[in-house]
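Just a sequence and a predicted model for now, questions to come.
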Amino acid sequence: MSHVWPIGGGKGGSGKSFLTCSLGMILAKEGYQTLLVDLDLGAANLHTITGVPHPPMSLSDFIRKKCERLSEAIIETPTSNLFLISGAMNTLDIANLAHEQKLKIIRHIAKLPFDYILLDLGAGTSFNTIDFFMTSPSGIFVTTPEPTAIENIYRLIRSVYFRKIRQTLDGQAFRNLAREAEERNRHATVTNPDLLLQVIRELDPEKGIILEKELRVFEFKLMVNQHRKQDNPNIGKVICRIIEKHLNLKMHFLGNVGFDDRVHNAVCKTTPFIDLYPYTQTALDLRECCRQLLSARDRPRESARLVWNESS
Ligand SMILES: Nc1ncnc2c1ncn2[C@@H]1O[C@H](COP(=O)(O)OP(=O)(O)O)[C@@H](O)[C@H]1O
Ligand SMILES: [Mg+2]
C-alpha cells in the first residue's frame, strides 16, 4: 500500500504546491515511485510547477467518468519516477465535491501502486481540504513565518481536530456535548477542544477512550517555508509546542525552507527549482526536510494505512 502524505496550509501562497513538487522530485530522484495529486480543486496549478504545461488528462476525467479507473488519469512528468494526477481541467463544480465523490477519490488513491503519494491541497478550512487532510495520520502543514499564516495553520489544525470529534459522535451527541461544555464554563465554547474532550470523557467514558485513541494516531508534520534570515529559527518548534499543548496532538517539525528569489525564476521557466538550483541553501533545506520525513515514516507509530472513517 502507498504511503500518503497530504500537504496543506491555512493560507494561499505559503508554498504548498512548491513543496509538494520539490519533495516529490527528491523522492523520485532517490528511486521511489512517486505520485503527486493536485487536489487544490478550483485553483490547480501543480502541473505547471512540475513541468507539464498541458496535461492530457486530469482528475475531472475520473470524476466525470470519462475514464473508469483513476490510474488512467496518471500522467508522466519530465522527471523519471515522478507521476502526476493533474487538476488542470477541473471546473467549478469539481471544486465542490459531494461527500461520496470524495470518498471515491480517497479510496481509489489509496489503491494506486506507488511508494509515496503526495496530495497538494487547497488553502483554508473547507470540508474538502479537511477531509483530504484526514486521509492520512501524517499530514504535512505548511506555513510561512508570518503571524497571519501561523494563525491560519492553528485554525486548520483545530478544524481537523473538531472534524474528528464530530465523526466519532453523532449529531445529537455532539450538540449535547457542546451544551454541557458551555454550561460548565461560561467562557468556553465549542472552540475549546480541550474542554470538549474532558466533557466527552466524563459523559461517555467509552467514546472518550475511542476518541483519544483516534486522535493519538495523528502525528502531523510542520514545515516553515519562505524562512528569511531575520526570522526566528525556532518558530516551527514553538508552533508545534503550542499545538501539542492546546490540542493534545502530536506534531513533528520537519524544518525551515529558506526564501529564495530564484523560486520565482524556476516557476516562470516551468522547470522545477531543485533541478535548476540544486546546490542552493533552499535546495539543501528541502532535502533535509525530506530526510526527516522519511525517517519519521520508518517509525512504527506512523503506519501507511489510511485513517479515513467511512461511516463519517
Ligand atoms: N521558499 C520559497 N522562496 C521564495 N518563493 C517561494 C518559496 N516557496 C514558494 N514561493 C513562491 O510563493 C508563491 C506561492 O507558492 P505556491 O507553492 O503556489 O503556494 P500555494 O500552493 O500554497 O498557494 C509562488 O510564486 C512561489 O514562487
Ligand atoms: Mg497551490
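Looks like it arrived, so ask away. Ligands and ions are numbered 1, 2, ... in the order given.

which stretches of the stretch 51-200 of the chain have low pLDDT?
Applying pLDDT under 70 to the stretch 51-200 of the chain flags residues 89-95, 125, 185-194.

give me that answer again for 80
Counting by pLDDT under 80, the stretch 51-200 of the chain has low-confidence residues at 88-97, 99, 124-128, 167-198.

can you check the stretch 201-312 of the chain too?
246-248, 297-312.

show me where it has helices.
205-217, 235-247, 262-268, 273-276, 281-297 (DSSP state H, counting those that start in this stretch).

ok, now which ones touch the residue in the chain that ligand 2 sits nearest to?
Per CB to the ion, the residue of the chain with the smallest distance to ligand 2 is Ser17, at 3.3 Å. The way it works is simple: take the backbone N, C-alpha and C, and place the C-beta from them, glycine included. Residues counted as contacts of Ser17 (CB atoms under 8 Å, 6 or more residues apart in numbering) are 38, 40, 45-46, 49, 120.

ok, 10 Å please
7, 36, 38, 40, 43-50, 120-121, 142, 267 (CB atoms under 10 Å, 6 or more residues apart in numbering).

Hmm, which of the residues you listed is lowest in pLDDT?
Looking at these by pLDDT, the weakest one is Ala43, with 78.

Regarding the chain, what is its longest helix?
Across the chain, the longest stretch assigned as helix under DSSP state H is helix 147-168.

do that helix and ligand 1 meet at all?
No. Helix 147-168 lies out of reach of ligand 1 by CB under 6 Å from any ligand atom, never closer than 9.7 Å.

residues near Cys268, how many?
9 (other CB atoms under 10 Å).

Skipping adjacent residues, who's closest to Tyr225 in space?
Heads up, residue 225 is Asn, not Tyr. Among residues not flanking Asn225 along the chain, Gly15 sits closest, at 3.8 Å (CB to CB, 6 or more residues apart in numbering).

picking up where we left off before, run the angle between the longest helix of the chain and helix 205-217 for me.
For helix 147-168 against helix 205-217, the angle between stretch directions is 140 degrees (axes from the mean of the first three to the mean of the last three CA atoms, to 10 degrees).

Name the next helix or strand downstream of helix 147-168, please.
Next in sequence after helix 147-168, counting helices and strands by DSSP states H and E, comes helix 171-184.

What are the buried residues along that next one?
Of the residues in helix 171-184, 173-174, 177-178, 181-182 count as buried by neighbour count, 16 or more other CB atoms under 10 Å.

Give me the buried subset of the contacts of Ser17.
Counted by 16+ other CB under 10 Å, those give 7, 36, 38, 40, 44, 46-50, 120-121, 142, 267 as buried.

Closest one to Thr135 out of those residues, please.
Using CB to CB, Leu121 is the member of the buried ones among the contacts of Ser17 that sits closest to Thr135, with 10.2 Å.

Just to be sure, that closest one is in a strand?
Yes. Counting by DSSP: H, G, I helix; E, B strand; the rest coil, Leu121 is located in a strand.

mind listing what it touches?
Leu121 is in contact with 6-9, 16-17, 20, 37-41, 128-133, 139-140, 142, 156, counting by CB under 10 Å, 6+ apart.

can you check Phe218 too?
133-134, 136-139, 157, 160-161, 164, 247, 249-251, 301-302, 307.

Kindly report the residues of this protein close to ligand 1.
So the chain meets ligand 1 at 9, 12-18, 225-226, 257, 259-260, 263-264, 267, 282 (CB under 6 Å from any ligand atom).
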